[in-house]
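Undergrad: model the structure of this input:
(chains A and B)
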Amino acid sequence: MSFEFNLSDIVRDIKPSGIRRFFDLVGEMDGAISLGIGEPDFVTPWHIRDAGIRSLEKGQTYYTANSGLKNLRNEICNYFERRFNLSYNENEVLVTVGGSEAIDLCIRALVSEGDEVLIPEPCFVCYDPCVRLAHGIPVPIVTEEKDDFILTPEKLKEKITPKTKLLILPFPNNPTGAIMDKEQIEAIADVLKDTNIAVLSDEIYGELTYGKKHFSIANVPEMKDRTIIVGGFSKAYAMTGWRLGFAVGNNSVISAMTKVHQFAIMSAPTTSQYAAIEALKNGDADIEEMASQYDLRRRYLIDRLNKMGLKCFEAKGAFYVFPSIKITGLKSEDFCKQLLEKKKVAVIPGTAFGESGEGHIRISYAYSIETITKALDKIEEFLKELGVNFK
Amino acid sequence: MREIIKLLEKDCRLTAEQIAKILKRDTAEVEKQIKEMEESGVIAKYKAIINWEKVDQNLMYALIEVKVTPQTDMGFERVAKRIYEFPEVHSMYLMSGGYDLAINIKGRTIHDIAKFVTEKLSVLDCVISTSTHFVLKKYKDSGVIFANDVTDGREVISF
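TA: Predicted coordinates:
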């Protein structure tokens, strides 16, 4: 007798990413130039890798406390004080397996069946399924190019209902590269202050802003207590493979998240935690150096895209730009497929980040200027062959 | 200006136009500054960094420590000039510590280098002694790592 699994309704109903086929296509293509990666091209700085190696040499191979090494949690508090002017104590910190786990935990800790979660879109791909897995209802708020892809107070107000439990604030944004400044964040805080809505501020790209320093909603005094900040080491310190992130915020939520974390994960990888202590203690200069490299590439990329006719708003954060391809008359996915087939250049269709990404593509600049130049030359050829006339 | 140098030091094939875009400056202005730096010698030369091991396994590199007698009035300068003018000398530094001059030299065989030391260098009146160390392997040169082929280990696309 053969056995058939009866999968959970929720898992079964989560749509596999609609662009799976496109991704497979990229995987099969030999010698393609990719501008489609969402992680730094830098290798983790040597002193941080060395700290990881030394911890292994010393035999530090055991579990840590569920919430993470005390030393690390203290360093995370120092880091927030030093770089973002925010005070937390070690009981308000949880060390997680990447920022992604912290997002999942925070949603699970807060959302009950039927609760609505507001998600500005286009955005990173995990919020919607995480909310569904927690039996919540994802409510997208479409951000627009005319607003520089920020969340406006008007759009926020429109979507608030008595069932709204949580607002996800994903800035600096993947895929648009949008950031929100102090005044824009304060306008959001103004809408929230008379509600019971909590905020999950995903600040994984908080160190990567250009021209303006990142301003967290937790920097607004009345907002700090209702905000959980999610961050991590992946982007700022080029540590994606170490899988280490954190959440900071009110102890009642952090404790609830720790409860789930304890049963699902136990503790984040020990080697990574020791390396992260070194990153926080001696890594500020690495952040500045990498950020300045990204900034050079960003300026080059935006200028060239605009000149070749792909209108591109000036993204000031993360390492992505989100140009419009409407001038070509193609759908995002078709544009990306044809570009790959004809020119062997891979970029990501905007629709991978929500339906509202239609008409755009995401281009990552986590690449050397040389690679970016090569890819852009090919995109330019592609546009010419399409007969795009932008002058 | 410093920003331009930093970019060129990393990749001297960047065009003035590219640099102008990266730094949000005017192309003509960048061209002018580069020209000025070339003329004043701030930019001494544009060269490729070659990993010769991949072309020719037979090349030999050596580091020679040289003790010399400085000369009245001229100090080390004249002595140094006599030595660095030899085309075999790849780079040369005046050092503090146990010896005076550090010379890097490149030859096709061990004999080339031996010949240089015994016939050209040691015979100079101002040279008191030499100590030659052969390079067994080059791991890193001018900030470029030779030891491993650096490839992009990332997945082709990710969110």
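Undergrad: dump the residue contacts of the residue in chain B that chain A sits nearest to.
TA: Of all residues in chain B, the one sitting closest to chain A is B:I157 (3.6 Å; Cβ to the nearest Cβ). All C-beta atoms are positioned from the backbone trio N, CA, C, and that covers glycine. Shown in contact with B:I157 (Cβ atoms under 8 Å, 6 or more residues apart in numbering or on different chains): A:F23, A:V26, A:S34, A:G36, A:I37, A:A346, A:I348.
Undergrad: same question for A:L305.
TA: Taking Cβ under 8 Å, 6+ apart as the contact definition, A:L305 lies against A:K311, A:C312, A:V321, A:P323, A:I363, A:L376.
Undergrad: tally of neighbours for B:I50?
TA: The burial count assigned to B:I50 is 12, neighbours taken as other Cβ atoms under 10 Å in any protein chain shown.
Undergrad: Provide the backbone phi and psi angles at it.
TA: Recorded main-chain torsions at B:I50 are phi -100, psi 130, according to degrees, to the nearest 10.
Undergrad: where's B:S91, which helix or strand?
TA: Here B:S91 is covered by strand B:89-94, with elements defined by DSSP states H and E.
Undergrad: ok so, going back, in helices only, show me the contacts of A:L305.
TA: By the criterion of DSSP state H, membership of the contacts of A:L305 in helices covers A:L376.
Undergrad: who wins for neighbours among the contacts of A:L305?
TA: Each of the contacts of A:L305 was scored by neighbour count (other Cβ under 10 Å); the top score is that of A:I363, with 28 neighbours.
Undergrad: who touches it in this structure?
TA: By Cβ under 8 Å, 6+ apart, the residues touching A:I363 are A:L35, A:L301, A:L305, A:Y320, A:V321, A:F322, A:P323, A:V347.
Undergrad: just B:L7 next, same as before
TA: A:L296, B:L14, B:I19, B:I22, B:L23.
Undergrad: on the three-state scheme, the second one is what?
TA: Pointing back at B:L14 there. State at B:L14, reduced to three classes by DSSP: H, G, I helix; E, B strand; the rest coil: coil.
Undergrad: can you list the low-confidence ranges for chain B?
TA: Counting by pLDDT under 70, chain B has low-confidence residues at B:56-57, B:148-150.
Undergrad: which helix in chain B has the most residues?
TA: From DSSP H, the single longest helix across chain B is helix B:27-40.
Undergrad: ok, A:Y88 touching A:V248?
TA: Yes. Between A:Y88 and A:V248 a contact is recorded at 4.9 Å, counting by Cβ atoms under 8 Å.
Undergrad: intersection of neighbour lists for those two?
TA: With Cβ under 8 Å, 6+ apart applied, the overlap between the contact sets of A:Y88 and A:V248 consists of A:I76, A:C77, A:F80.
Undergrad: who in chain B is up against chain A?
TA: The interface of chain B toward chain A, taken as Cβ under 8 Å from any Cβ of the partner chain, is made up of B:7, B:11, B:14, B:18, B:21-24, B:152, B:154-159.
Undergrad: let me see the domain layout of chain B.
TA: Here the domain assignment for chain B is B:2-40, B:52-137, based on automatic domain parsing.
Undergrad: let me know the pLDDT of the closest residue to B:S158 other than its chain neighbours.
TA: In space, not counting the residues next to it along the chain, B:S158 is nearest to A:G38; the distance is 4.6 Å by Cβ to Cβ, 6 or more residues apart in numbering or on different chains. pLDDT recorded at A:G38 is 93.
Undergrad: circling back to that earlier point, closest to A:R12 out of the contacts of A:L305?
TA: Closest approach between the contacts of A:L305 and A:R12, by Cβ to Cβ: A:I363, at 33.7 Å.
Undergrad: for residue 76, which residues are in contact?
TA: Just going to use chain A. For A:I76, the contact set (Cβ under 8 Å, 6+ apart) comprises A:Y88, A:V93, A:V95, A:F246, A:V248, A:L280.
Undergrad: not quite, go with chain B.
TA: B:V68, B:P70, B:L94, B:D100, B:L101.
Undergrad: go again with 10 Å.
TA: Contact analysis of B:F76 by Cβ atoms under 10 Å, 6 or more residues apart in numbering or on different chains lists B:V68, B:T69, B:P70, B:I83, B:L94, B:D100, B:L101, B:C126.
Undergrad: understood, closing this out.
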